[in-house]
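1. mind looking at a prediction? Sequence and model below.
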Amino acid sequence: MTPQQIEDVFDSFGFKPLFQHIRYPLELSKIFEDADEEMLECFLERWDFPVRLSFEEFAYWFDCFAVVYKQM
């Protein structure tokens, strides 16, 4: 996914502030390299995030979700 696609998905779920907070480490980590929009959308609609979330917490929960998602 491109950075713009990722930002658009976050924005469509009302998580633009979260995206802006973790944007730089997100781009460096390439965590979404093997993900598609549908996977990210499923993750964002199923998880309840605290107001302030560190990148490490986000990456951990996304990795957990990705393992389960790929087995479905």
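-> Perfect, I can see it now.

2. buried ones in the lengthiest helix in the chain?
-> Longest helix of the chain, by residue count under DSSP state H: helix 55-71. Within helix 55-71, the residues that count as buried by 16 or more other C-beta atoms under 10 Å are 55, 58, 62, 65-66, 69. For every residue, glycine as well, the C-beta is placed using N, CA and C.

3. restricting to C-alpha, output it in PDB.
-> What follows is helix 55-71, C-alpha atoms only, in PDB (Å, rounded to 0.1, in the frame of the first residue of the first chain):
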ATOM      1  CA  PHE A  55       3.800   3.100  17.600                       C
ATOM      2  CA  GLU A  56       5.100   0.000  19.400                       C
ATOM      3  CA  GLU A  57       1.700  -0.800  20.800                       C
ATOM      4  CA  PHE A  58       0.000  -0.200  17.400                       C
ATOM      5  CA  ALA A  59       2.600  -2.400  15.700                       C
ATOM      6  CA  TYR A  60       2.200  -5.200  18.300                       C
ATOM      7  CA  TRP A  61      -1.500  -5.300  17.900                       C
ATOM      8  CA  PHE A  62      -1.400  -5.100  14.100                       C
ATOM      9  CA  ASP A  63       1.100  -8.000  14.000                       C
ATOM     10  CA  CYS A  64      -1.200 -10.100  16.200                       C
ATOM     11  CA  PHE A  65      -4.100  -9.300  14.000                       C
ATOM     12  CA  ALA A  66      -2.200 -10.000  10.800                       C
ATOM     13  CA  VAL A  67      -1.300 -13.500  12.000                       C
ATOM     14  CA  VAL A  68      -5.000 -14.300  12.700                       C
ATOM     15  CA  TYR A  69      -6.200 -12.500   9.600                       C
ATOM     16  CA  LYS A  70      -3.900 -14.600   7.300                       C
ATOM     17  CA  GLN A  71      -5.300 -17.800   8.800                       C
END
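
4. chain center to that helix, what's the gap?
-> Taking C-alpha atoms, centre = their mean, to the nearest Å, the mean C-alpha location of helix 55-71 is offset from the chain mean by 9 Å.

5. show me what the mean pLDDT comes to for that helix.
-> For helix 55-71, mean pLDDT is 93.
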